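Visitor: Have a look; sequence and predicted model below, questions after that.
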Amino acid sequence: MVKSPPTEKRLMGAGVFLDRYKAMGHELRGSERTKRAIRVNTLLASREEVIRKLEARGVKLTGIPWLRDGLYVEGGESSVGASFEYLLGLYSIQEAAAQSPVEVLSPNPGEIVLDMCAAPGGKTTQMAAWMGNSGVIVAVDMRRDRLYALENNLERTGSENCVAYCTDAARLDYGGTLFDKILLDAPCSGNYVTDRSWFNKRNIRDVEANAAEQRRLLGAAVGLLRPGGTLVYTTCSLEPEEDEFNIQWLLNNHDVELVEVEGPGSPALTEVIGKNLSNEVARCRRFWPDEMETQGFFVAKVVKQ
Amino acid sequence: MSEMKDFLTAIVAVYEPVGERINLNDRRFVVSPEVAAQIHDRGRMVYAGKLLGRTKREFMPGTSLLRELSKIEGPNKVWVDDRVGWLFVCGRDIFEESIIRAEGILEEGTCFLVMLGDRCLGYGRLDTQEGKKLLKNIFDLGDFLRREKRIIE
């Protein structure tokens, strides 16, 4: 087993991260878990049909008040991962916080949308549903193994307005297209809520490396957006380097306006780890696991000038 | 039966997909003009528009194609109940006595869409085994779970 060098070890472990979250105002236990959720695929079914069919199979569901198509799975006799309705594409299993970026982006029928880090495709298929399968989604991901899951999801959910590529979204030839909307659900450090061994795997150096990669993608995204177009940037990281600091970098280096993200969650931080950020950074939203019963999440919305 | 037209003939369906046809290795797609306009790098493309099916030894229809065929009159169809439908998506064949209703003549070699209410679960070909007629499973939606399992592994 490869051991981390002593200096690296000081930068990892539950204590390091939980202390950081405490300094951000949240005393987390490190054992918070998310509630199971599904999303109705409105391309193929109504919310009422999914509820009726799953409840007939003994699944208990409640609506997620802040999501259009989201339902919490409260328990029951049947597995939502292996039902006729799942196989028929009437719903997808998608964590509640992960459903929010598409609601914030709000893609419309007929628009040209770029999904920069698309696999495994939960948000891509959600956008196809919002767009009623019209317009086009260009879905890109670098990892071929994860794209198989995206292809599976596109087929199962009847999402037919997508073209998917296996490459770096910052380097693909888009033929000069400038997009109406872009979703950058950036590769990130993740969080402990969805990964029980997270504290043992991550250290601050990883976080910083991910943040640098995210800035590269953010810069490329702004270049691919038409003037007046909207970019939604999200991570499932609680680390400010990947969230608020990157948004501050975006404001400092690109001609964009930060738009208030409405809905659930807390305003993003403007004083964090000894840094003071622009007040407008508070227009972004953080999902804290203790407040939201979701995974840790961050959402920012910008409009290109 | 390695192409879509052979599959359509086998289930007695008349269907013409609307849009531009695209072949990607052994997969057949049809795309809208909007999607076609965003195809600039075919070498890196892995999926586009509506998947009509895969051409291997046997044509394996995409679920969008099955969905559309299930809505039109003409194709051979058999209806089953929940219990038999679940066994079918687990890869099992369907005995004739488990078929609730059929549209089309149940004769050996004929293919049928397998329906649960107004939704299609897959398709099969009528065969005879030890003197009993059964619908041999060729493709079922359980394939999604089998693929997901392979992806995870």
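Guide: Perfect, I can see it now. Numbers count the residues shown, from 1 in each chain, chains lettered A, B, ... in the order given.
Visitor: Can you pull up the most central residue in chain B?
Guide: Centroid-nearest residue in chain B, with C-alpha atoms, centre = their mean: B:Pro61, separated by 3.8 Å.
Visitor: check contacts around it.
Guide: B:4, B:7, B:52-53, B:69, B:123, B:139 (C-beta atoms under 8 Å, 6 or more residues apart in numbering or on different chains). Bear in mind the C-beta positions are built from the backbone N, C-alpha and C, glycine included.
Visitor: now do 7 Å
Guide: Listed by C-beta atoms under 7 Å, 6 or more residues apart in numbering or on different chains, the contact set of B:Pro61 reads B:7, B:53, B:123, B:139.
Visitor: Skipping its backbone neighbours, what lies nearest the second one in space?
Guide: Spatial nearest neighbour of B:Gly53, excluding adjacent residues (C-beta to C-beta, 6 or more residues apart in numbering or on different chains): B:Pro61 at 4.4 Å.
Visitor: got it, and the first one?
Guide: By the measure of C-beta to C-beta, 6+ apart, the closest residue to B:Phe7 outside its immediate chain neighbours is B:Phe59, 4.2 Å from it.
Visitor: who touches that neighbour in this structure?
Guide: B:1-4, B:6-7, B:53.
Visitor: I'd guess A:Tyr21 is in a helix, am I close?
Guide: Yes - counting by DSSP: H, G, I helix; E, B strand; the rest coil, A:Tyr21 is found in a helix.
Visitor: Distance of it relative to A:Arg196?
Guide: From A:Tyr21 over to A:Arg196 the distance is 17 Å, taken as C-beta to C-beta, to the nearest Å.
Visitor: So those two - more neighbours on which side?
Guide: Each of A:Tyr21 and A:Arg196 has its neighbours counted (other C-beta atoms under 10 Å in any protein chain shown); A:Tyr21 has more, 19 against 11.
Visitor: Now that one. Nearest residue, chain neighbours left out?
Guide: A:Leu28 (5.0 Å).
Visitor: Phi, psi for the one you found please.
Guide: phi -90, psi 150 (degrees, to the nearest 10).
Visitor: dump the residue contacts of it.
Guide: A:18, A:21, A:289-290.
Visitor: same deal with A:Cys162?
Guide: A:124, A:128, A:137, A:139, A:154, B:47.
Visitor: Confirm that the second one sits in a helix.
Guide: Meaning A:Ala128. Yes - looking at A:Ala128 with three-state DSSP, it is inside a helix.
Visitor: Quick check: closest non-adjacent residue to it.
Guide: Leaving aside its chain neighbours, A:Ala128 sits nearest to A:Ser159 (3.6 Å; criterion: C-beta to C-beta, 6+ apart).
Visitor: For B:Ala48, see how far away the one you found is.
Guide: Remark: distance between A:Ser159 and B:Ala48 (C-beta to C-beta) = 11 Å.
Visitor: So between these two, which is more surrounded?
Guide: Comparing A:Ser159 with B:Ala48 by neighbour count (other C-beta under 10 Å), the higher total belongs to A:Ser159, at 29 against 26.
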